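Engineer: test case, fold it:
(one chain, ligands or ions: 1)
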Amino acid sequence: MIRSVIAGCGGYLPARIVHNDELAAKVDTSDEWIVERTGIRQRHVAADGEMTSDLARVAAERALADAGATADEIDLIVLATATPDQTFPATAARVQAQLGIRRGAAFDIQAVCTGFIYALAIADNFIKAGQSRAALVIGAETFSRILDWEDRTTCVLFGDGAGAVVLRAAEGQGRNTDRGVLSTHLHADGRQHDLLYVDGGPSSTQTTGHLRMLGKEVFRHAVVNLAAVVGEALKANDLTAADIDWLVPHQANKRILDGTARKLGLSPEKIVVTVDRHGNTSAASVPLALAEAKADGRIRPGQLLLLEAMGGGFTWGSALVRL
Ligand code: COA
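Structural biologist: As a prediction, the model looks like this:
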């Protein structure tokens, strides 16, 4: 059977770093509160005029270089974002043009913080169906543009960034020892809309709007849903948590990561953590964590990775990948 193998990873973070103390000078918060409740110490914020497509392009270029691939090999770009440059055209199309790619499909998908998992599942299915041979899967966000910087309950949590992977079609045996994406599981429950949303949009208010969240409620759902979707991935592949080399989770809150690991009985050393330095970069967080851990040699070829995320919608999902 055809498998989608991760041939390369890349990440990009804007240059400007905002530490907790800088936020504490603007809203009623403190470094101590933010670190204790979230594990976040700093986040990156895009410069004026630096757009989601700019972040995505650099991450994509780095993923292509890591894969030893050229842009003309790519026949599909799936870009996950909740903060596109414009309502249309798709940010993926802009990135396609910037990379000099002249063929294939390019489109955005929107599943907020679960976006990269959704995008990976879509690209994997294109490859397995024979409709793509080499895909760029990107998660890119500029959440700084949709934050209410006077709302201390949300503005301390998020950051900007982008991550990307190159997927290549390869022959597999149909076993869990194959390299590539072994499974993806996606979920949505639109009844939870009001717990995490943006209070604007082209069809509702004709404004961009700001992120609104009932954090405590989101937290509760996150731990339950993530443990369930991770369990689903393990069961479908006849594996146990002990078989996993690395959990590469969406980076929302250190306490959510710890809670999920505890539920799975997974040791904390097996979890890739970036939330302390990146904050929550929404759809970018999983590919950024992947790129960082691959670049520093923690994640190695042949290892089994479990990716998971949860976000507005609600949406949530997991992907089991052998690098
Ligand atoms: N600084 C200081 N105090 C703050 C604060 C901040 N930045 N944000 C909230 N508080 C206050 C609250 O106003 C509240 O005060 P009160 O008791 O006087 O009303 C108190 O801290 C506790 O707030 P609460 O919301 O109960 O805290 P919490 O322990 O649930 O932590 C979050 C808040 C947001 C960190 C946590 O709920 C969370 O991480 N939720 C999940 C969010 C998430 O991951 N979203 C994205 C999913 S993709």
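Engineer: what distance separates the start and the end of stretch 96-114?
Structural biologist: Using CA to CA, to the nearest Å, the end-to-end distance of stretch 96-114 comes to 22 Å.
Engineer: likewise for stretch 135-148?
Structural biologist: By CA to CA, one end of stretch 135-148 lies 35 Å from the other end.
Engineer: residue numbers of the chain in contact with the ligand?
Structural biologist: 29, 33-34, 37-38, 113, 152-153, 156, 213, 215-216, 218-219, 222, 252-253, 256, 280, 310-311 (CB under 6 Å from any ligand atom). Backbone N, C-alpha and C define where each C-beta goes, glycine included.
Engineer: report the buried members of those residues.
Structural biologist: Buried subset of the residues of the chain next to the ligand (neighbour count, 16 or more other CB atoms under 10 Å): 29, 34, 37-38, 113, 152, 156, 213, 215, 218-219, 222, 252-253, 256, 280, 310-311.
Engineer: those residues in helices, which ones?
Structural biologist: I34, R37, T38, R152, G215, V218, F219, A222, I256 (DSSP state H).
Engineer: local confidence estimate at the residue of the stretch 151-300 of the chain found nearest the ligand?
Structural biologist: Taking CB to the nearest ligand atom, the ligand has its nearest neighbour within the stretch 151-300 of the chain at G215, 2.7 Å off. Per-residue pLDDT puts G215 at 96.
Engineer: with T260 instead?
Structural biologist: For T260, the predicted pLDDT is 84.
Engineer: ok, the residue nearest to H19 when sequence neighbours are not counted to N280 distance?
Structural biologist: In this structure, H19 finds its nearest non-sequential neighbour in Q42, 4.8 Å apart by CB to CB, 6 or more residues apart in numbering. The spacing between Q42 and N280, counted by CB to CB, to the nearest Å, is 12 Å.
Engineer: what does G130 give?
Structural biologist: 36 Å.
Engineer: what's the answer for S4, then?
Structural biologist: 26 Å.
Engineer: state the number of residues packed around L120.
Structural biologist: 28 (other CB atoms under 10 Å).
Engineer: surely it and V165 touch.
Structural biologist: Yes - look at L120 against V165 with CB atoms under 8 Å: they come within range, at 7.5 Å.
Engineer: downstream of the one helix or strand in the chain whose mean pLDDT sits lowest, the next helix or strand is which one?
Structural biologist: Ranked by mean pLDDT, DSSP states H and E, the helix or strand of the chain with the weakest confidence is helix 254-264, at a mean of 88. Where DSSP states H and E defines the elements, the next helix or strand beyond helix 254-264 is helix 275-278.
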